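>>> can't give you the sequence, but here's the structure:
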């Protein structure tokens with residue numbers, strides 16, 4: 001979609017230049033921050049992370065509370081979609097297709 005087409009749909013659209021290097025640095029920083037919840041944090045560039053919370057839920061009162069804590073904190077910074085599922089692929093699919101801040105359990 002062209003910028004003109006996007007502005008025709010959303011007149012108040014604010015366009016900014018892409019900064020891939022800054023985005024990558026931010027993703028690295030968020031990944032490091034997420035290590036407080038699980039030792040297994042995997043980058044899924046350009047904008048994603050996988051957190052394997054297997055065996056970590058009990059430290060936070062259960063998987064649901066752990067996910068809620070992560071999403072709430074990340075959402076406050078302007079980003080977060082999350083899902084808990086039996087496999088990484090299922091969690092990725094549920095999180096990707098859910099609302100901006102999802103509380104999804106597969």
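On my side now, so go ahead. Model, not experiment: these values are computed from the prediction.
>>> Distance-wise, check residue 53 relative to residue 36.
Note on residue 53: its distance to residue 36, by C-beta to C-beta, to the nearest Å, is 12 Å. Where you see a C-beta, it was placed from the backbone N, CA and C, and this is true even at glycine.
>>> Looking at those two, which is more packed in?
residue 53 (19 against 11; other C-beta atoms under 10 Å).
>>> Now the more buried one: closest residue in space, sequence neighbours ignored.
Leaving out its chain neighbours, the residue that sits closest to residue 53 by C-beta to C-beta, 6 or more residues apart in numbering is residue 38, at 5.0 Å.
>>> list the contacts for that neighbour?
51, 52, 53, 56 (C-beta atoms under 8 Å, 6 or more residues apart in numbering).
>>> how about the third one, secondary structure?
Which is residue 53. Following DSSP: H, G, I helix; E, B strand; the rest coil, the label given to residue 53 is coil.
>>> Am I right that the residue nearest to residue 53 is in a strand?
No - going by three-state DSSP, the assignment for residue 38 is coil, not a strand.
>>> How much space separates it from residue 49?
10 Å.
>>> Leaving aside the residues adjacent along the chain, what's closest to the spatially most central residue of the chain?
Nearest residue to the geometric centre of the chain (C-alpha atoms, centre = their mean): residue 80, 3.8 Å. Spatial nearest neighbour of residue 80, chain neighbours left out: residue 74 (3.7 Å); criterion: C-beta to C-beta, 6+ apart.
>>> in which helix or strand would I find the residue nearest to the centre of the chain?
Counting by DSSP states H and E, there is no helix or strand that carries residue 80.
>>> Residue 71 is in contact with that one, correct?
Yes - with contact defined as C-beta atoms under 8 Å, residue 80 counts as touching residue 71 (4.5 Å).
>>> wait, doesn't residue 34 sit right on residue 51?
Yes - using C-beta under 8 Å, residue 34 is in contact with residue 51, at 5.6 Å.
>>> so where do the strands sit in the chain?
Ranges of strands in the chain, per DSSP state E, are 41-44, 48-51, 83-84, 104-105.
>>> Lowest mean pLDDT across the ones you listed, which one is that?
Per-stretch mean pLDDT for the strands of the chain is lowest at strand 104-105 (a mean of 46).
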